[in-house]
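> Sequence first, then the predicted structure:
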Amino acid sequence: MSGEPMLSVKGLQKIYQADSGPLEAIRNLTFDLPAGQLTCLVGPSGCGKTTLLKMISGLLNPTQGEVLLAGEKVTGPPKNMAVVFQEYGRSLFPWMRVADNVELPLKAAGVAKAERDRLVSEALEAVGLGHTGKQYPWQLSGGMQQRVAIARAVAYQPKVLLMDEPFAAVDAQTRADLEDLVRRVWKQLGVTILFVTHDIDESVYLGERVLIMSSSPTIIQEDLYIDLPAERNQLETRALPRFTELRHHVYEQIQKAKTHTADVADAEAKAAAN
Ligand code: ADP
Ligand code: MG
């Protein structure tokens, strides 16, 4: 393997043409994800997290800049990538059984039947839903549905897994379980994960690295290495003094980013008025 990053985001900018005029959601984002890293991206609501994931997954064209997946420019949805969205309720087909939902992308990719069956049952086992294949999504709780969405992404064996605030809509206990599930699956599969959240604690608990985004127009405020032990658990890890230090730090950076953005906006407004 060369030292080439799995994912490269270069000078990405997005200006939406909104009814009220142009809106610069993202100003300039540049970062690399090495293969196999679990990176969290944390930033306030409206800072452009979903916009960024849409550009990375080839669903939205950037205004400037580019995304490279294993060195190749992304121009449409890449086949080596899977995305788990926040709204699990809308991401599964209610008329298809759980196993069929998980199997769908594999069918679309032309994977042979025996191999599909193996991947589907392994993925459902991995998320602790080995017994639910014949049920329908609406027969499961919200947290279980989100686990099905994760199983579907995992069965597909993507090189890169993007997750957009996937646990924002589940209760606290389920959320903690799902966080641990992500770390377990990540370790088992060695997949490169970009996990987007607005939750500072979640970003520190999950990530090997946290990218802190500023408010819109968005830049990377800081690229932080998370030096917590690789073996994490909800009670002990969150009780570590280092965990508290890191979450304070991320919190402060996000606050700083807000005032910084306000300063820049002020200066621009003054310049425009002159
Ligand atoms: P986040 O996911 O961090 O909450 P989004 O990426 O959804 O942020 O949105 C970033 C900014 O871009 C917001 O100000 C939002 O209103 C705006 N925005 C998002 N999608 C569109 C769109 N299709 N057209 C115009 N503005 C948009
Ligand atoms: Mg969003």
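Arrived safely, thanks for sending. Predicted model only: the values in this text are computed from it and were never measured. Ligands and ions are numbered 1, 2, ... in the order given.
> nearest spatial neighbour of Ala70, skipping sequence neighbours?
Spatial nearest neighbour of Ala70, chain neighbours left out: Met6 (6.1 Å); criterion: C-beta to C-beta, 6 or more residues apart in numbering. Any C-beta I mention is one placed from the backbone N, CA and C, and that applies to glycine too.
> mind checking pLDDT for that neighbour?
Met6 is assigned a pLDDT of 96 by the prediction.
> For it, give me its contacts.
Contacts for Met6 (C-beta atoms under 8 Å, 6 or more residues apart in numbering) come out as 33-37, 69-70, 159-160, 192.
> Leu92: which of the residues you listed is nearest?
Distance to Leu92, by C-beta to C-beta, is smallest for Val160 among those, at 21.3 Å.
> right, and the closest one touches Leu68 too?
No: Val160 is beyond contact range of Leu68, at 11.3 Å (criterion: C-beta atoms under 8 Å).
> What is the burial count for Arg184?
Burial measure for Arg184: 13 neighbouring residues, criterion other C-beta atoms under 10 Å.
> So it versus Glu125, what's the distance?
12 Å (C-beta to C-beta, to the nearest Å).
> Could you name every residue contacting both of the two?
Contacts common to Arg184 and Glu125, judged by C-beta under 8 Å, 6+ apart, are absent.
> Next to ligand 1 in this structure, residues from the stretch 1-150 of the chain, please.
The stretch 1-150 of the chain comes close to ligand 1 at residues 16, 18, 23, 25, 43, 45-51, as judged by C-beta under 6 Å from any ligand atom.
> Go again with 8 Å.
14, 16-18, 23, 25-26, 43-54 (C-beta under 8 Å from any ligand atom).
> Quote the end-to-end distance of stretch 152-171.
One end of stretch 152-171 sits 22 Å from the other (C-alpha to C-alpha, to the nearest Å).
> actually stretch 84-92, not the one I typed
This stretch, stretch 84-92, spans 11 Å end to end (C-alpha to C-alpha).
> wouldn't Gln221 be in contact with Ser215 here?
No: the pair Gln221 / Ser215 is not scored as a contact, 9.3 Å apart, by C-beta under 8 Å.
> Could you tell me which residues touch both of these two?
With C-beta under 8 Å, 6+ apart, Gln221 and Ser215 have common neighbours Ala257.
> got the residue ranges for the helices in the stretch 101-250 of the chain?
Secondary structure of the stretch 101-250 of the chain (DSSP state H, counting those that start in this stretch): helices at 113-126, 142-155, 172-189, 200-206, 234-239, 241-273.
> hmm, back to that, who has more neighbours, Val160 and Leu68?
For the pair Val160 and Leu68, the greater number of neighbours falls to Val160 (21 against 16), based on other C-beta under 10 Å.
> what's the spacing between that one and Val111?
The gap separating Val160 from Val111 is 18 Å, by C-beta to C-beta.
> Check Glu66 too.
Distance check for Glu66 against Val111: by C-beta to C-beta, it reads 30 Å.
> Those two: who's more crowded?
The neighbour count for Glu66 versus Val111, taken as other C-beta under 10 Å, is higher for Val111 (19 against 14).
> Test my guess that the more buried one contacts Val120.
No: judged on C-beta under 8 Å, Val111 makes no contact with Val120 at a distance of 10.0 Å.
> Provide a list of residues in contact with Cys47.
By C-beta under 8 Å, 6+ apart, the contact set of Cys47 is 213-216, 218.
> Take those residues and write them to CSV, including distance to Ile254 and pLDDT.
Converted to CSV, the contacts of Cys47 look like this (distance: C-beta to C-beta, whole Å; pLDDT from 0 to 100):
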residue, distance to Ile254, pLDDT
Met213, 8, 93
Ser214, 8, 89
Ser215, 8, 86
Ser216, 13, 84
Thr218, 12, 89
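> wait, which of those is closest to ligand 1?
Nearest to ligand 1 among those is Ser216, at 5.4 Å by C-beta to the nearest ligand atom.
> State the distance from Asp227 to Val204.
According to C-beta to C-beta, Asp227 stands 11 Å off from Val204.
> which of those two has more neighbours?
Neighbour comparison, Asp227 and Val204: the larger count goes to Val204, with 27 against 9 (by other C-beta under 10 Å).
> That one contacts His248, correct?
No: if you go by C-beta under 8 Å, Val204 and His248 don't touch, sitting 9.8 Å apart.
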